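Q: Sequence and predicted model, in that order:
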Amino acid sequence: MDNEKTQAAGMQIGLLIGSLDQLEDVAAWGYDYAEIAPGLLGIDEDAGTIEQEALEQIRRAPVPVTAMCGFLARSKVVGPHIDDVGTRDYVTRLFDAMQQAGVPVIGYGSGGSRFVPDGFSRDRALEQVNDFLQMCADLGEPRGVQVALEPYNYDDANLINTVPEGIEMVREVNRPGIQLMADFFHMQLNDEPFDALAAAGPYLIHAHIAEPGRGRPETTPAEHAAYLRVLCEAGYYGPVTQTGELPAYDSPAEAAATLKRFAREAEEKK
């Protein structure tokens, strides 16, 4: 996926779901696509392959499943004790399943997987993340799968927290299969201004939006519109997944309609 293709397609608004049975609801509420976690394909970090029933459910759904999140539930990427062989086996099975299901993008947030232990070298931790992403590119590129690196909030990760840090890692990895994600949720928790996205446009392939919560003031439609507008100004016209509730709207249908209107208005202004 590159910027020319995403611009031609226009910004789409999707919804993260916890069950494939919700695919009908996603369509009824007016979202363009669904996002899921690996467990819905029968993949976990212990065993399992894609389940035929899940594959058929995805194929006959009224909306496509075009992205995944929740990449690493338990595996550690950094630290003195990591299981490179086990992680590679899991990623291979996951990317095989994604290829079968026609899901082209998975976000790599998984803040716990890259949490640097006390006393461990931060530089070495960054090298380990690079090694992991290089492995993902090796496995993903032949399968048509891209990884979108997600900067994470400071409370849940202590490595690659900001958009500039995400850009730096993507540049260092320098592989087509490893790009960047923007996330309203994490940016709000970090008090990171949307202007930080201005330099991210060439690297963005995915975006998320959800209410940060955690005692923060409720976000407003104006803030949601500003986020989508800045993405467009940066040259990003790709998918944006609602990954949690947005209390500013009374229903999922209202959220979908409003976010799609904001996206359309942002594209028209650009």
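A: Alright, I've got the coordinates. Numbering: from 1, shown residues only.
Q: Would you agree Glu245 is in contact with Ala210?
A: Yes: between Glu245 and Ala210 there is a contact at 7.1 Å, judged by CB atoms under 8 Å. Every residue, glycine included, has its C-beta placed from N, CA and C.
Q: Look at these two and report which has more neighbours.
A: Neighbours around Glu245 and Ala210, counted as other CB atoms under 10 Å, are more numerous at Ala210. The numbers are 18 against 12.
Q: pLDDT on the helix or strand harbouring Ala54, on average?
A: Take DSSP states H and E as the rule and Ala54 turns out to sit in helix 52-59. Averaging pLDDT along helix 52-59 gives 90.
Q: Following it in sequence, what is the next regular element?
A: Per DSSP H and E, the first helix or strand lying C-terminal to helix 52-59 is strand 65-68.
Q: mind listing what that following strand pairs with, with the direction of each?
A: Sheet pairing of strand 65-68 (DSSP bridges) gives strand 33-36 (parallel), strand 105-108 (parallel).
Q: Could you save these as a markdown table and add columns showing mean neighbour count, distance to Ala54 and mean pLDDT?
A: Converted to a markdown table, the strands paired with strand 65-68 look like this (neighbours: other CB atoms under 10 Å; distance: least, CB to CB, whole Å; pLDDT from 0 to 100):
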| stretch | mean neighbour count | distance to Ala54 | mean pLDDT |
| --- | --- | --- | --- |
| strand 33-36 | 24 | 9 | 98 |
| strand 105-108 | 24 | 16 | 98 |
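Q: Out of those strands, which gets nearest to Gly140?
A: strand 105-108 (8.3 Å; CB to CB).
Q: other SSEs contacting the helix or strand following that closest one?
A: Next helix or strand after strand 105-108 toward the C-terminus (DSSP H and E): helix 122-140. Counting contacts by 3 or more CB pairs under 8 Å, 6 or more residues apart in numbering; DSSP states H and E, helix 122-140 packs against helix 84-101, strand 146-149, helix 163-173, strand 178-183.
Q: For Glu268, find the nearest of those.
A: Nearest to Glu268 among these is strand 178-183 (20.4 Å), distances taken as CB to CB.
Q: and the angle for that closest one with helix 163-173?
A: Note on geometry: by axes from the mean of the first three to the mean of the last three CA atoms, to 10 degrees, strand 178-183 and helix 163-173 are set 170 degrees apart in direction.
Q: List the strands paired with strand 178-183, with their directions.
A: With DSSP bridges as the test, strand 178-183 is paired with strand 146-149 (parallel), strand 204-209 (parallel).
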